[in-house]
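> Have a look; sequence and predicted model below, questions after that.
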Amino acid sequence: MIKHTSSLYSKLLSASLLIIVAASVSAQQTDHPLISGFPDSEIVGAEFESDSNYSLVLGRLQRSRGVVIPENSERLRGDVTSLIYEVSQEFNGEDVQQFFQEQFAERGYEQLFSCAGRECGSSNYWANDIFHNRVLYGPERNQYFTAVRIDSALSEPSHLVLYIITRGNRRIYAYLEIVQPTGTVAPVELVSSELLVDIEQSLSMVVPGLTFRNDRQFDASVDLSGLASELQNMPERSFYVVAHLAGPQELEQLLSRSSIRAQTVRQQLINLGVDSSQIIARGLGPLAPSCRAGECLERVELVLIQAID
């Protein structure tokens, strides 16, 4: 079992309750029931795959005959939920690691394997060969990995893996994969009614789980049906769909590309039944580079249009 350590988890969890009351970023997240996200963070990606074959890494990664393999692993089958959190740069990877380790201990999860820094192997292997997500690539010294087992009296055990990386640009990501027995869990809902209630106070929200294959096409995992449904339940409210995009290109090109992305989101919401008069698309390019989780240069926000008295 994981040794219970100090009170960072309890302190941050208490702080997160205050953050929720204050309608901060935590209200935008839909955490998995088996794990709470780091309080000062937000979900920037999520996927769900049912009845999937899964290889649980239980050892350092290495390359053998051109193939990346762990020193030890276990084959699983089940429903797999993946969540990516971006953490505020007020913290560091060690803070995030300590928070989750203490939470694992609080919940009684059994640690199967953990590593830190270069002892985990190449971050490139983790990002591209194990998790197939290049955003998780960073310096080896800035990585942490943990695999735990979650026993249940009602079903076969579940498993959870945590990978934390601080990239070269100082962005911090905590990536979770939760494997549960097939049929015991529904897909994670990225947009909830609580999220849109919060927008009345915060006036804006980053649309979670939204990634682009190109400016006119989403990645296959993107599902805006939950957001569309909630917007249809608020016909008296109007919103800007605001896309942000940074990069080495000229300002005018970035403004144009971000406008296309905003239009792409707007059109998909209309296709899903949202009234076209309820949403207006705008692109800001690199002109507003910060959001509540620190720097988040590529994002799409929903901004409440306030009535003028």
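Everything's here; your move.
> Can you point out the helix or strand that includes Pro235?
Using DSSP states H and E, Pro235 falls within no helix or strand.
> confidence score at it?
On pLDDT, Pro235 comes in at 86.
> where does the closest residue to Asn133 other than its chain neighbours land in three-state SS?
Once flanking residues are discounted, Asn133 sits nearest to Ala127: 6.1 Å by CB to CB, 6 or more residues apart in numbering. C-betas here are computed from N, CA, C, even on glycine. Using DSSP: H, G, I helix; E, B strand; the rest coil, the structure places Ala127 in helix.
> bridging residues for Leu56?
With DSSP bridges as the criterion, Leu56 is bridged to Glu74.
> If you could redo that for Ser158, that was the one I meant.
Beta-bridge partners recorded for Ser158 (DSSP bridges): Ile150.
> Based on its surroundings, how many neighbours for it?
Residues contacting Ser158 under the criterion other CB atoms under 10 Å number 21.
> about what we covered before: quick check: the residue nearest to Asn133 touching Glu140?
No. Using CB atoms under 8 Å, Ala127 is not in contact with Glu140, being 11.2 Å away.
> Quick check on these two: which one has the bigger neighbour count.
Ala127 (22 against 17).
> before we move on, the earlier item: what's the spacing between the residue nearest to Asn133 and Asp215?
Going from Ala127 to Asp215 by CB to CB, to the nearest Å gives 24 Å.
> what do you get for Glu298?
Using CB to CB, Glu298 is found at 11 Å from Asp215.
> Which stretches in the stretch 101-250 of the chain count as helices?
Using DSSP state H, counting those that start in this stretch, the helices found in the stretch 101-250 of the chain span residues 123-124, 193-202, 225-232.
> Lowest average confidence across the ones you listed, which one?
Looking at the helices of the stretch 101-250 of the chain, the bottom one is helix 193-202 with a mean of 59.
> remind me which residues of the protein are low pLDDT?
The chain contains residues with pLDDT under 70 at 1-29, 153-154, 184-202, 290-296, 307-309.
> one more time with 80, if that's ok
Low-confidence segments of the chain (pLDDT under 80): 1-30, 152-155, 183-202, 208-209, 220-221, 289-297, 306-309.
> Domain map for it?
8-180, 193-304 (automatic domain parsing).
> The residue lying closest to Ile305 once chain neighbours are set aside: neighbour count?
Leaving out its chain neighbours, the residue that sits closest to Ile305 by CB to CB, 6+ apart is Ser238, at 4.3 Å. Using other CB under 10 Å, Ser238 is surrounded by 17 other residues.
> In this structure Ser238 contacts Leu302, no?
No. In this structure, Ser238 is not within contact of Leu302 by CB under 8 Å, at 10.7 Å.
> Look up how far Ser277 lies from the residue nearest to Ile305.
7 Å.
> And for Glu236?
12 Å.
> Settle it for me: which of those two has more neighbours?
Higher neighbour count among Glu236 and Ser277: Ser277, with 9 against 6, using other CB under 10 Å.
> Report the contact partners of the more buried one.
Ser277 is in contact with Ser238, counting by CB atoms under 8 Å, 6 or more residues apart in numbering.
> before we move on, the earlier item: give me every residue that touches the residue nearest to Asn133.
Ala127 neighbours (CB under 8 Å, 6+ apart): 133-138, 165.
> Please list only the buried members of the residues you listed.
Taking 16 or more other CB atoms under 10 Å as the criterion, what is buried in the contacts of Ala127 is 133, 135-138, 165.
> of all those residues, which comes closest to Arg60?
The closest of the buried ones among the contacts of Ala127 to Arg60 turns out to be Ile165 (CB to CB; 16.0 Å).
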